[in-house]
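Undergrad: give me coordinates for this.
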Amino acid sequence: MGSLPAIITPALLSSIRNHPNLPRHTWYFIAATTLAQLNRPDEISKVYEYALRHGPDDSTPSQDDDKIRVSRRIREALIKAAAVGGVPRTINALLELKKVTPEEQLDEPEDSSPTGRRGDIYDTPAPEIMERGQTFFEAIYGKITKRVMGQMDRSGTEDLGLVARLMYGYVLSNTSVLSAAETSFVMIAALIPQDVNPQLKGHLRGALNGGATVEQVKAVRSVVVEICRASGMTMLDQSSPAGFGWRSEVADL
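TA: Numbers count the residues shown, from 1 in each chain. Next comes the predicted model:
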C-alpha cells in the first residue's frame, strides 16, 4: 500500500478545511470517512495530523480537549460508516488512525466511551434502543419512511429490515458525539465512493431533515467527490464500462 500514489496533499487539505459552506468541525471526519471507503486508510493520518496541527477550522487548537474532540469525532464517523460501508474498512481505518493518535487521546476499554454505547448494549432495554433507532430513521426519511423500510422487509428476507433496525438503533441513532445532521454527512461521505445513488439520495435529503442547509449538504457532496476524483475515480461510459468510478452522475439535491 505504501507504493500507491498519494491522494491527500497539503493543497487539497487546505481547500477542504477552508470550504466556505462546510459546517464547522466537520471537514476532517468527512475526509477520513471518504478515505476509509476508498480503501485508503493509510491516507487518514494526513487528515488527522493536519487537523491537529492547523486546527479543525479557522484556529489552531491549543487545548487538549480540542484535540480529543477531533480524535473522537473521526473515530465516531468511522464507526458509523460501518453501517453502510462494512466493518472491515472501519477496522483498518481505526487501526491506522490509532498509530498516530497520542495515547492520552485514545478511549481504551478501561475508559468510558463518550458514546455511552456500552450502556446501550448492557444497561438499556433493547426495545428502548430500537425505538430510538426507529425515531431516528423516521426523522431521516420523513414521508417515505414506510416505503423505504418496507422495501427492505420485502427484499426476499425480512432479515434485511432487521439488520437496518439494529444499525439505526445501536449505531446511527446515538448522537452523543455526532449530531443527526453530522451523521448524515458521514453517510454521504461513505456512500459516494460506493456508487450507490439510490441510498445516497435518501441521506442527502436526510441531512436536510436533520437540520443541515442545502448549501451545507452540497458542500459535503462536493468535498467527497473532490477526494474521490483525487483518488482516481472517474465517470464510467461505454468506452470504459467497468473499473473504478461512477456509472452515473453522483446524486445531488
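
Undergrad: okay, now the residue nearest to Ser112 when sequence neighbours are not counted: neighbour count?
TA: With Cβ to Cβ, 6 or more residues apart in numbering as the measure, Arg118 is the residue that lies nearest to Ser112, at 7.6 Å, once sequence neighbours are left out. C-beta: built from backbone N, CA, C; applies to glycine. The number of residues packed around Arg118, counting by other Cβ atoms under 10 Å, is 12.

Undergrad: show the average pLDDT along the one helix or strand Arg118 maps to.
TA: Arg118 is part of helix 117-122 when elements are defined by DSSP states H and E. The predicted model gives helix 117-122 an average pLDDT of 94.

Undergrad: what's the answer for stretch 140-149, then?
TA: pLDDT averaged over stretch 140-149 gives 95.

Undergrad: just the terminal-to-terminal distance for that stretch.
TA: For stretch 140-149, the first and last residues are 12 Å from each other (Cα to Cα, to the nearest Å).

Undergrad: next, the buried residues of it.
TA: The neighbour-count criterion (16 or more other Cβ atoms under 10 Å) identifies 140-141, 148-149 as the buried residues of stretch 140-149.

Undergrad: kindly report the same for stretch 25-42.
TA: Of all the residues in stretch 25-42, those buried under the rule 16+ other Cβ under 10 Å are 25-42.

Undergrad: how about stretch 48-57?
TA: Of the residues in stretch 48-57, those scored as buried under the neighbour-count criterion (16+ other Cβ under 10 Å) are 48, 50-52, 54-57.

Undergrad: not counting its own residues, what contacts that stretch?
TA: Contacts made with stretch 48-57 from outside it, assessed by Cβ atoms under 8 Å, 6 or more residues apart in numbering, are listed as 10, 13, 17, 24-25, 27-28, 32, 60-61, 66-67, 69-71, 74, 97, 100-101.
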